[in-house]
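>>> Provide a 3D model corresponding to the input given below.
(chains A, B and C)
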Amino acid sequence: MSTLQRLTERLSEILDQDSVITDPVRLRTYDCDGLTYHRATPGVVVLPDSAEQIAAVVRLCDEYGVPFVARGSGTGLSGGALPRTDGVLIVTSRMRRILEIDIPNRRAVVEPGVTNLAITEAVRDQGYYYAPDPSSQQICSIGGNVAENSGGAHCLKYGFTVNHVLEIELVTPDGEIVCLSEHDPGYDLLGAFIGSEGTLGIATKVTVRLSRTPETVTTVLAAFDDIEGGGRAVSAIIGAGIVPAAIEMMDALAIEAAEAAVSCGYPEGAGAVLVVELDGPHAEVDHQFAEVDRICREAGAFEIRVAASAEERAAIWRGRKSAFAAVGRISPAYIVQDGVVPRTSLPEVLAGIDRLQEEFGIRVANVFHAGDGNLHPLVLFDDAVPGQGEQAEAVSGRILDLCIEHGGSITGEHGVGVDKSRYMSRMFSEEDLDTMQLVRCAFDPKGLSNPGKVFPTPRLCGEVPGVRKGVHPLVESGLAEQF
Amino acid sequence: MDPELIKDCVHCGFCLPTCPTYVLWGEEMDSPRGRIQLMDQHVQGVPVTDVMAGHLDACLGCMACVTACPSGVQYDRLIEQARAVVEEEHVRTPQERAIRGMVFALFPYRRRLRAMRLPMALSRRMRPFLDRVNPSLGAMAELAPPPATPVRLPPLVRARGPRRATVGLLTGCVQGEFFPQVNAATVRVLALEGCDVVIPPRQGCCGALSLHSGRDAEARKFAKRTIAAFERARVGTVVVNAAGCGSSMKDYAEVLKDEPGWAKRAAALRVRDLSEFLVELGPAAERHPLPVSVAYHDACHLAHAQGVRSQPRELLAAIPGLDLREIAESAICCGSAGTYNLFQPEAARELGDRKAERVLATGAELLVSANPGCTMQIAAAARRMQIAAGSRRAGKGEIRVAHTAEVLDASLRGRPPGSLGQVAGSGR
Amino acid sequence: MSADEDLAGCGTTVRPATDADAVAGVPPRWVALPESTQDVAAVMRVAAAHGLAVVAAGAGTMLHWGPPPERCDLVIDTCCLNEVLEHASGDLVARVQAGVTAESLTQVLAARGQRLSVDAPAEGATVGGMLAAGSAGPLRFRYGTSRDMLIGVTVVLADGTVAKSGGKVVKNVAGYDLGKLFTGSYGTLGIITEAAFRLHPLPADSRWITAVVAEPGQSLLESLAASPLEPAAIEIDRPGPREPVTVSVLVEGVAAAERAKAVQDLMGMDAAVAEKPPAWWARLPGEEILLSARGLPAAVTGTLRVIAAQAERLGLAPHVRGSAGAGDLLVGLPPESDPAQVAAFVTAVREETAATGGRLVALALPEAVGVDFWGPVGALGLMRRVKERFDPERRMAPGRFVGGL
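Numbers count the residues shown, from 1 in each chain, chains lettered A, B, ... in the order given. Predicted structure coming up:
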């Protein structure tokens, strides 16, 4: 009997029958997250409903030396929740209670499986909302947001998950339940944990900051003949000292897809649209709107629309927020990329992407958070055509190279996961990565928590670089990989 | 199952929060995304196992995922194909087969249904016993509405005032037998709004139950018969007041796509939901005040399958004095879903409770919906909650139910709100 | 070779220490004056080879914070790491060396209409010092603390390893965020040599709305914090336990004047609107004895009462100041306060505020006070493990941090 089988038998000590999945047909439905390019059928899936159950499962994993992976709603785009065939997949989708709403202190305590949008829906009537808003907010879980340090369209003004999470209860990779609070003295382990992509443990309870609903929100849609015009407008808006809540841009191909999917009704003939959202006190927003309107016109906008109602605002956003999945309407397959460049390098990088399209004969649709230089090129291909997938991969990788060349990052919000770990060494030196590994080793010396993610070569803790000899027992038993 | 349709799914997960079974159980294989993955497994050669059939059967077919999907996955087509495959390849237990056989031998046939009314009324008292024999039988007994006085509709009702349109009316099996007053109200509303209403006497089941359960041949037979009946009636438009029937009739061209002649005839049939039709037509008759608070429930087959959401709300909101309230989680199915409450009684009951709770939370006096299945389901759940709470105090667990047509009818005829609907759980 | 010789040969100016170089009373033997990250790395390699205990120092404004180091052989003075490496105004990003002072950074950024939205705690404070101490001032209510503005960091570890994380783009989730880990770590994990920050445009206009109240009602503070007028800061100042409390709210933006009127309405008739901050704004309320009382925003008035009551009981004169909006208060005590009474005060306030989830931490205390600086520390076990990985020989500011790390 394999180690995993022995462990699985003992799961019944912790969980009822309904919460342990071993049937192969069922297991396969968990074989990937939002990134379908990488698949692995988990060895066993558990659906716990308390921190204690997670801790008990993790202690079993620790005891048997079996790797485990946490999964929320499975919407991640970097394969961060890709299961291990030799491991346990711990799914938090049944832990979805909102435990406490504390308006006087502007915070809410939720379980990790609660969806991002559910928090806002729970407090909207009281005039509050949860600020980070990834495009998948109606389904992505807070636990996943914490793991990925998710952003969203509005993080230009409001920041990321890490700026809005005040406290986390987590299960450490050795199965201990620990609380990290912003108020605690000591190292900012809360900040280090957020965005660690499940490699430092599993969040079991999250306290988030609630933000006051702005007095007013103005959403502007500006249509340009081309991307350059939109780019000029973005630079001028930032240059004018305005920090909008969001500045989003879509190119012609992305508009076409969104139009096909949700009939968003963007201006016809637009080579690029800019969505600018301004929020805050009336007096500020009115002034900023006048400026943005002037700037867009000067930059060559041929049509400017302002959402007059919540419905119109939602309609403008619908096109943008559905853009990723909508690309499925115009292409059989595609890769979503997530590079970042300094905003001022956007024109050069976009020109570079154009050159890549020509060189490889592969179409790229561009959707991006223009305000912070976060590009989401959608590399389109037909997986039925032999070799096109590889071509698309190549284009995708070259786009990341462009980002790194311009002082940017290989991921702005989707995370490194399994998909981009191989690019990490292009962005970081060996010393950088070794230093990050120190954190990993402090939390997870056995390397059981989501192994194979984030880092290109999972170096084993306690090992001194350069003096590796023979095969490590963990490698031999298939629990770790070395390259 | 068409692999091309399966490929449309990009695994984004946007469908998950709208799926009733995912909302209940939080499991991937009981979500649309997971079910598509199961279908993909089958396409790749995995046979239909009990487990696979179970998860596919557990789909309510509410199509909320179709509304939510940004990639345009045709889940409605996929699940119909999948159900047909399950019916064909999967051997069900004898008990399952018996229940399914009984339902399909009963519900599509009005005369058989009529014969069932008395035994069903009796059976409600036998509920605990039936539940023990088989939960499906228990569910059937619980859902049964109180016997209604039969209403016979004439083959033609003339428009009041100048004629603005001629329409046909589908009377529906369950609607016709258990809720005849809804058909009567529909006819009056249409007539008052200036329509000649033709009611073909020999129309049978539209085939909805069969279609949504993967009984393909049966569905085609019913579809052809219904098309022929309305062709004979020579009407411009067929008005349907039952959401499930409307959605399946709108699908006839697809159902009959392998028979080009029939597909063409199907396409020529203009089918409209009552509310959809009335909004297109525009109001003519005077709306009298109807001071009542209404919680409007989106029937899945109306909201998701037909995309009709704003029209019923528009019609209701236009009634002077009517206070229209939204139900939380309005996109989530109530668990009725055609035959679902009969085949998956446990899940249906959980969903019904969830929905009834949210309906009661609105504090509305009247629950309005456009589907008899929903009304039966939510009424049963509310009744259960009432019994569980051990109280029949006013405002607690007590809600009257009505069809959109009945509310309009009351307003058009200047009837008091008290005339509307029956109290869920009154056991009248 | 001796440490002296190695240090002399490492390519960086190293001078013998004087009494003025003492760290919280502990005199070092040498002071190194590196000019680059590579210099720091070279010095650190020498320190590693000779097992020297190292403390990094900026302008020294907060060097006395925390318990004294157990050992201190070498001080790395960042005064020559004083270059603003890059101000990419179009990207709202600046990259600086750790020894750059807040004042000079402010000047450079202001020249192009921008700022770093973190208040400097004292004149001359360096960026590195502010990060190591996890500084935050009034603007924290709106913008968070220094960790929230930090987007990239370069550090040198105890063994001389140079590592960076983050970068110079605002949005970036590649790899672990070492910046967060090093911010507020009191120099116990390594030395911050460079930092990149996200910036904000300088506000077009600013107004401070200030009122003096006998004791602020929690409802007033909550209504200010909950106001959609977007205040940038909500500060209180109470010079003594029997003194009234000054509440001052900052609004920033083109329409600051207009919004200030609305804030004034909320605060009552006596509130005054000014174009300049009150004199005490963004200054620490104490020097040699300084405490931090953090907790939930709704507990602020309760904390004020606890502080006043304990001060009365022990005959102390605490000066309380801080962000009522964020629930983050500082308490200064006169240097001549009786050490035993100060210790009793720390213990009593710590215990009483803990009931509502508050944490009292001592930032600076004279040695004579002899009370634990930190109080209860959650997750200390994990912190120890982090320290052991980064600095297994305990040579980085040993003993200066929680749990004696």
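
>>> Which residue ranges make up each domain of the chain?
All of this refers to chain A. Listed by automatic domain parsing, the domain ranges of chain A are A:3-91, A:98-212, A:216-405.

>>> Please refer instead to chain C.
Taken from automatic domain parsing, chain C resolves into C:1-202+C:374-405, C:206-369.

>>> Export those domains as a markdown table, with columns for distance to chain A, mean pLDDT and mean neighbour count.
For every residue, glycine as well, the C-beta is placed using N, CA and C. Formatted as a markdown table, these follow (distance: least, CB to the nearest CB, whole Å; pLDDT from 0 to 100; neighbours: other CB atoms under 10 Å in any protein chain shown):
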| stretch | distance to chain A | mean pLDDT | mean neighbour count |
| --- | --- | --- | --- |
| domain C:1-202+C:374-405 | 3 | 96 | 21 |
| domain C:206-369 | 3 | 95 | 19 |
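
>>> With distance to A:Arg71 added, can I get those in a markdown table?
Output for the domains of chain C, formatted as a markdown table (distance: least, CB to CB, whole Å):
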| stretch | distance to A:Arg71 |
| --- | --- |
| domain C:1-202+C:374-405 | 18 |
| domain C:206-369 | 31 |
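
>>> and of those domains, who's closest to B:Ser330?
Proximity to B:Ser330 (CB to CB) singles out domain C:206-369 among the domains of chain C, at 28.3 Å.

>>> Chain B: which of the domains of chain C is closest?
Chain B sits nearest to domain C:1-202+C:374-405 of all the domains of chain C, at 19.5 Å, using CB to the nearest CB.

>>> Next up, the contacts around the closest residue to chain C within the stretch 101-250 of chain B.
At 41.7 Å from chain C, B:Ala243 is the closest residue in the stretch 101-250 of chain B, using CB to the nearest CB. Counting by CB atoms under 8 Å, 6 or more residues apart in numbering or on different chains, B:Ala243 touches B:273, B:299-302, B:305-306, B:370-371, B:374.

>>> Repeat the analysis, applying 10 Å as the threshold.
B:208, B:273-275, B:298-306, B:308, B:312, B:369-374 (CB atoms under 10 Å, 6 or more residues apart in numbering or on different chains).

>>> mind listing what residue 18 touches?
All of this is about chain A. A:47, A:94, B:25, B:27.

>>> You answered for a different chain; I wanted chain C.
So C:Thr18 contacts C:27-28, C:31 (CB under 10 Å, 6+ apart).

>>> burial count for A:Ser11?
Just so we're on the same page, residue A:11 is Leu rather than Ser. 21 (other CB atoms under 10 Å in any protein chain shown).

>>> per-residue pLDDT, it?
We have a pLDDT of 96 for A:Leu11.

>>> Nearest residue to it in space, ignoring adjacent ones along the chain?
A:Val20 (4.9 Å; CB to CB, 6 or more residues apart in numbering or on different chains).

>>> residues contacting the one you found?
A:8, A:11-12, A:14, A:44-48, A:57, A:88 are the contacts of A:Val20 under CB under 10 Å, 6+ apart.

>>> I'd like the residues you listed as a markdown table, with secondary structure and distance to B:Pro283 appended.
As requested, the contacts of A:Val20 are exported to a markdown table (DSSP: H, G, I helix; E, B strand; the rest coil; distance: CB to CB, whole Å):
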| residue | secondary structure | distance to B:Pro283 |
| --- | --- | --- |
| A:Thr8 | helix | 64 |
| A:Leu11 | helix | 62 |
| A:Ser12 | helix | 63 |
| A:Ile14 | coil | 62 |
| A:Val44 | strand | 60 |
| A:Val45 | strand | 55 |
| A:Val46 | strand | 57 |
| A:Leu47 | coil | 51 |
| A:Pro48 | coil | 55 |
| A:Val57 | helix | 61 |
| A:Val88 | strand | 61 |
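
>>> Return the members of those residues classed as buried.
Neighbour-count burial (16 or more other CB atoms under 10 Å in any protein chain shown) is assigned, among the contacts of A:Val20, to A:8, A:11, A:14, A:44-48, A:57, A:88.

>>> Name the member of these with the shortest distance to A:Glu182.
A:Pro48 (26.3 Å).

>>> nearest spatial neighbour of that closest one, skipping sequence neighbours?
Per CB to CB, 6+ apart, closest to A:Pro48 is A:Ile54, 5.0 Å.

>>> cool, and B:Glu231?
Residue nearest to B:Glu231 in three dimensions, not counting chain neighbours: B:Arg265, with 6.9 Å by CB to CB, 6+ apart.

>>> what bits of the stretch 201-350 of chain B have low per-residue confidence?
Within the stretch 201-350 of chain B, the stretches with pLDDT under 70 are B:338-339.

>>> Next, count neighbours for the residue of it found nearest chain A.
Proximity of the stretch 201-350 of chain B to chain A (CB to the nearest CB) peaks at B:Ala328, 8.8 Å away. B:Ala328 has 13 neighbours, counted by other CB under 10 Å.

>>> likewise B:Pro47?
B:Pro47: 10 neighbours (other CB under 10 Å).

>>> Give the helix, strand or coil label for it.
coil (DSSP: H, G, I helix; E, B strand; the rest coil).

>>> just to revisit the earlier point, just the element for the residue nearest to the residue of the stretch 201-350 of chain B closest to chain A when sequence neighbours are not counted, please.
Excluding the flanking residues, the one nearest B:Ala328 by CB to CB, 6+ apart is B:Arg358, at 4.7 Å. Assigned by DSSP states H and E, B:Arg358 belongs to helix B:345-361.

>>> could you say what helices and strands that helix packs with?
helix B:20-25, helix B:135-143, strand B:292-296, strand B:322-326, helix B:340-343, strand B:366-369, helix B:372-389 (3 or more CB pairs under 10 Å, 6 or more residues apart in numbering or on different chains; DSSP states H and E).

>>> quick check, distance from the fifth one to the centre of its chain.
Read that as helix B:340-343. 13 Å (CA atoms, centre = their mean, to the nearest Å).

>>> Identify each buried residue in it, please.
Buried, per 16+ other CB under 10 Å, within helix B:340-343: B:340-343.

>>> Tell me the residues of the stretch 251-400 of chain B that contact chain A?
Residues of the stretch 251-400 of chain B found near chain A (CB under 10 Å from any CB of the partner chain) are B:328-329.

>>> secondary structure element for the residue of the stretch 201-350 of chain B closest to chain A?
Residue-wise, B:Ala328 maps onto no helix or strand under DSSP H and E.

>>> what does the stretch 301-450 of chain A have sitting close to chain B?
A:318, A:321-329, A:332-334, A:336, A:383-384.

>>> Neighbour-wise, which one of the residues you listed leads?
Of these, with other CB under 10 Å as the count, A:Ala326 tops at 31 neighbours.

>>> what's the pLDDT at that residue?
Looking at A:Ala326, the pLDDT reads 81.

>>> My reading is that it lies in a helix. Confirm?
Yes. With three-state DSSP as the criterion, A:Ala326 is part of a helix.

>>> Surely it touches A:Leu380?
No. No contact is recorded between A:Ala326 and A:Leu380 when judged using CB atoms under 10 Å, the distance being 12.0 Å.

>>> Between those two, which contacts overlap?
Residues touching both A:Ala326 and A:Leu380 by CB under 10 Å, 6+ apart: A:257, A:365.

>>> ok, and for stretch A:310-321, which residues are buried?
Buried, per 16+ other CB under 10 Å, within stretch A:310-321: A:313, A:315-321.
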